[in-house]
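Participant: Just the structure for this:
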Amino acid sequence: MTLPHTPASPAGADRTFQVDLRGLVDLLSHHLYSSPRVYLRELLQNAVDALTARHGLEPGAPADAFGIRLYADGSVVRVEDDGVGLTEADVHTFLATIGRSSKRAEQVAEQRADFIGQFGIGLLSCFLVADEIHVVSRSARTPDAPAVEWRGRGDGSYTVRTLPAAARPRPGTTVTLTPRADAGEWTRPVQVQALARHFGSLLRHPVTFDDGTGAAGAAVNPEPAPWARTYPTPGARSRALAAYGEDVFGFTPLDTIDLDLPAVGLKGIACVLPDAVPAGRRHGHRVHVKGMLLSEQAEEILPEWAFFVRCVLDAESLRPTASRESLYEDDTLAAVRDALAERLRAWIARTAASDPDLLGRFLQTHHLAVKSLAVHDDEILRMLLPWLPFETTDGHATLDEFARTHRTVLVTSSVEEFRQVAAIAAAAGLGVVNGGYTYDRELVHRLPEIRPEVSVADLDPGTLTAHLDPVDRETELAAAAYLALARDALAVFDCDVALRTFQPASAPALLLDSREARHERTRSQLAREQQGGIWGDILGHLRQEAPRAQLILNQLNPLVRTAVTIDEPELARTSAEALYGQAAMLSRRPLRPAESSLINRSFLDLLAHALRKDS
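Facilitator: Numbering: from 1, shown residues only. Next up is the predicted model:
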């Protein structure tokens, strides 16, 4: 609140900060709170903390002896509780002093962990929707104290007066707001009820809502959290948790995982997503603190690899930030994150041991998440690596299936390399796994740890060409002139040309050109262009014989057998360029501008030749 003006003080004397309340409310609304709707959460939170303190004074009272009542009829919003209440001195101390929380009073200091709010600024959020806050309270600590009324206004002024006992016969507090015209979106009865359910559905104290129509107050939180209820059978519990997950998140979980960390008073469930999500895309989780919804987007509660679940959690010992919309990163949160990660690992292990059908559905959907975990978790690696799907020359298969037919497993370093060689390698009987996807190459190389009888090696062009059959000498000599023209035509791409036989016969050519080879040729070209300069000296020192691409023509293919007999030099060059372009496109790697130009030119030249021949 804005303090009254004080006379000038002598030099060096202490002064008191002046607070512009309107500026502070603007700061809260634009930088601390995500939306004006939090005003109701703050009112509920203050009421819950007051009830907690009341139970501390009367520990023998039944859990439902004290409650919270909400009222909204379009003209006012009112929140009433049966909590500990305030005396006149408390009102001056806590309501009129920004930043001081009543939960810090000496008599409850040792119970701070029992309270949700600890920053003493929550009541200011009401100024986001109203210009005046009206509070009537009566203390349970001092039963003979009168009721007290406090009115705080958005201009920074406030008034306090005592009231007769009849104004508040029982201990507790009532907060009344008269909404501004521009706050109707957040203060309509239907919206107030929806917000109360949104924030308070898991609160442990009874909360009711009255819309002023005369109907009995509707329970905001009629049942305890679903994981806290009793069920006749385990199946009934599983179905109830799955139904709750569907209601909260909008999808039917593949399975639900109980989460229980007694050391921090955490309970909840993790819902396994039924559909795959991109790697690294982290879903937000619903986190409640002592029953009050804190955040719907709490990413920090789980490790990054756990993007296959969404959680609903209620915790006692996690610290909210000042906005109470996210969690404070501290040692407790780090320990909770590690413990929850262990619960997810245990679920995977338990599923692998007891429910192979569920495991199969899970891995089919979330194999990427499990792969990311297996890279760093030896137990998961040993347990699940043989069952994870990979793209192979035998189609999509698990490593366990693949290792049964291939004792030597070759793995590519990129997706494009796999696509270049897959058909030819499969026809040659080679077992090749696509190692170009995230985690795959590293995991395949660890297969011998699980299957010692299997060896794994990186695929290189020499391994594949060794399985391509050479043509006989007469055929090689007959094609020599064509091969020379082809090499000359493709020299601009540092590409050699060879004639072999391989399956499938429908493939006219195979282009072997790794990403590393292209990078090395680019480096060598740069070195040649920089001769004499400092970069030329550096790159020249690193220079080695640049690896060349290889265009392998298939003698079994009828088109190739016809091409090598062409006796027109220009037509022979054009056909070689066309074969190179077709093989480059089949490799599915990005085409360089010169290659795109070559493909267009060779197509038009062949078309022109065909038209001349027909005319």
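Participant: Report how many residues lie close to V309.
Facilitator: 25 (other C-beta atoms under 10 Å). In short, each C-beta sits where N, CA and C put it, glycine included.
Participant: The closest residue to it other than its chain neighbours in helix, strand or coil?
Facilitator: Leaving aside its chain neighbours, V309 sits nearest to A270 (4.2 Å; criterion: C-beta to C-beta, 6 or more residues apart in numbering). A270 falls in the strand class when you classify it by DSSP: H, G, I helix; E, B strand; the rest coil.
Participant: got a list of what A270 touches?
Facilitator: A270 sits next to T256, I257, L259, V309, R310, C311, L340, R343, L344, W347 when contact means C-beta atoms under 8 Å, 6 or more residues apart in numbering.
Participant: Narrow those to those in strands?
Facilitator: Residues of those located in strands (DSSP state E): T256, I257, L259, V309, R310, C311.
Participant: okay, and for the stretch 501-615 of the chain, where does confidence drop off?
Facilitator: 514-547, 614-615 (pLDDT under 70).
Participant: so who does the residue nearest to A563 when sequence neighbours are not counted touch?
Facilitator: Spatially, and ignoring its direct neighbours in sequence, A563 is nearest to S575 (4.7 Å; C-beta to C-beta, 6+ apart). Taking C-beta under 8 Å, 6+ apart, we find S575 in contact with A563, I566, S602, L606.
Participant: In terms of distance to V77, which of these ranks first?
Facilitator: For the contacts of S575, the closest approach to V77 (C-beta to C-beta) belongs to S602, at 75.8 Å.
Participant: for the helix or strand containing that closest one, packing partners?
Facilitator: Using DSSP states H and E, S602 maps to helix 593-614. Other helices and strands packing on helix 593-614, by 3 or more C-beta pairs under 8 Å, 6 or more residues apart in numbering; DSSP states H and E, are helix 569-586.
Participant: relative to helix 593-614, how tilted is the helix it packs on?
Facilitator: Interaxial angle, helix 569-586 versus helix 593-614 (axes from the mean of the first three to the mean of the last three C-alpha atoms, to 10 degrees): 130 degrees.
Participant: How far off centre is helix 569-586?
Facilitator: In terms of C-alpha atoms, centre = their mean, to the nearest Å, the centre of helix 569-586 is set 46 Å apart from its chain centre.
Participant: Adjust the sequence numbering to begin at 31 for everything that follows.
Facilitator: Right, with 31 as the first residue, what we last looked at is helix 599-616.
Participant: Name the surrounding residues that touch stretch 303-318.
Facilitator: 232, 278, 281-284, 323-329, 331-332, 334, 337-345, 348, 357, 395-396, 398-399, 402, 468.
Participant: mind exporting the lengthiest helix in the chain as PDB, just the C-alpha atoms?
Facilitator: Longest helix in the chain, counting residues (DSSP state H): helix 361-384. Output of helix 361-384 as PDB, limited to C-alpha atoms (Å, rounded to 0.1, in the frame of the first residue of the first chain):
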ATOM      1  CA  ASP A 361      17.500 -30.300  -4.300                       C
ATOM      2  CA  THR A 362      14.000 -31.600  -3.400                       C
ATOM      3  CA  LEU A 363      12.700 -31.200  -6.900                       C
ATOM      4  CA  ALA A 364      15.800 -32.900  -8.300                       C
ATOM      5  CA  ALA A 365      15.400 -35.900  -5.900                       C
ATOM      6  CA  VAL A 366      11.700 -36.100  -6.800                       C
ATOM      7  CA  ARG A 367      12.600 -36.100 -10.500                       C
ATOM      8  CA  ASP A 368      15.100 -38.900 -10.000                       C
ATOM      9  CA  ALA A 369      12.600 -41.000  -7.900                       C
ATOM     10  CA  LEU A 370       9.800 -40.600 -10.500                       C
ATOM     11  CA  ALA A 371      12.200 -41.600 -13.300                       C
ATOM     12  CA  GLU A 372      13.000 -44.800 -11.300                       C
ATOM     13  CA  ARG A 373       9.200 -45.500 -11.000                       C
ATOM     14  CA  LEU A 374       8.900 -45.300 -14.800                       C
ATOM     15  CA  ARG A 375      11.900 -47.600 -15.200                       C
ATOM     16  CA  ALA A 376      10.300 -50.100 -12.800                       C
ATOM     17  CA  TRP A 377       7.100 -50.000 -14.800                       C
ATOM     18  CA  ILE A 378       8.900 -50.800 -18.000                       C
ATOM     19  CA  ALA A 379      10.800 -53.700 -16.300                       C
ATOM     20  CA  ARG A 380       7.600 -55.000 -14.700                       C
ATOM     21  CA  THR A 381       5.700 -54.800 -18.100                       C
ATOM     22  CA  ALA A 382       8.500 -56.600 -19.900                       C
ATOM     23  CA  ALA A 383       8.400 -59.400 -17.300                       C
ATOM     24  CA  SER A 384       4.700 -59.800 -17.000                       C
END
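Participant: Report the buried residues of it.
Facilitator: Applying a neighbour-count criterion of 16 or more other C-beta atoms under 10 Å, one finds 362-363, 366-367, 370-371, 373-375, 377-378, 381-382 buried in helix 361-384.
Participant: Over to stretch 202-222?
Facilitator: 202-207, 209, 213, 216-219, 221-222.
Participant: Which of the residues you listed fall in strands?
Facilitator: G202, T203, T204, V205, T206, L207, P209.
Participant: quick one: contacts for the fourth one?
Facilitator: What that stands for is V205. So V205 contacts L73, N76, R108, V109, E110, L153, C156, I163, H164, V165 (C-beta under 8 Å, 6+ apart).
Participant: tell me the mean pLDDT over the host helix or strand of L473?
Facilitator: Per DSSP H and E, L473 falls inside helix 470-475. Confidence over helix 470-475 (mean pLDDT, whole number) is 93.
Participant: Name the next helix or strand downstream of that helix, please.
Facilitator: Per DSSP H and E, the first helix or strand lying C-terminal to helix 470-475 is helix 477-480.
Participant: List the contacts of that following helix.
Facilitator: L411, R412, L415, P416, L429, A433, V439, V484, S485, V486.
Participant: buried stuff in it?
Facilitator: For helix 477-480, the neighbour count (16+ other C-beta under 10 Å) marks L477, I480 as buried.
Participant: pLDDT value on T32, please?
Facilitator: pLDDT, the model's per-residue confidence, is 42 for T32.
Participant: repeat for R130
Facilitator: For R130, pLDDT reads 53.
Participant: Can you point out the buried residues in stretch 614-629?
Facilitator: For stretch 614-629, burial by neighbour count (16+ other C-beta under 10 Å) applies to A614, L616, S617, R619, E625, L628, I629.
Participant: Looks like the fourth one contacts G466 (just checking).
Facilitator: No: counting by C-beta atoms under 8 Å, R619 does not reach G466; the two are 10.9 Å apart.
Participant: what is in contact with the two at once?
Facilitator: Counting by C-beta under 8 Å, 6+ apart, the residues touching both R619 and G466 are E446.
Participant: so where's the stretch 181-330 of the chain uncertain?
Facilitator: 246, 309-312.
Participant: Sketch out the low-pLDDT regions of the stretch 331-480 of the chain for me.
Facilitator: 352-355.
Participant: Just the helices from it, written as ranges.
Facilitator: Per DSSP state H, counting those that start in this stretch, the stretch 331-480 of the chain has helices spanning 361-384, 386-404, 408-414, 429-435, 445-457, 470-475, 477-480. These are given in chain order.
Participant: Let's have these in CSV, adding distance to S65.
Facilitator: Below are the helices of the stretch 331-480 of the chain laid out as CSV (distance: least, C-beta to C-beta, whole Å):
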stretch, distance to S65
helix 361-384, 24
helix 386-404, 32
helix 408-414, 40
helix 429-435, 49
helix 445-457, 44
helix 470-475, 43
helix 477-480, 51
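Participant: Looking at those helices, which is nearest to V501?
Facilitator: Using C-beta to C-beta, the nearest of the helices of the stretch 331-480 of the chain to V501 is helix 445-457, at 15.8 Å.
Participant: Would you mark the buried spots in that closest one?
Facilitator: Buried-residue list, helix 445-457, by 16+ other C-beta under 10 Å: V445, E446, E447, F448, R449, Q450, V451, A452, A453, I454, A455, A456.
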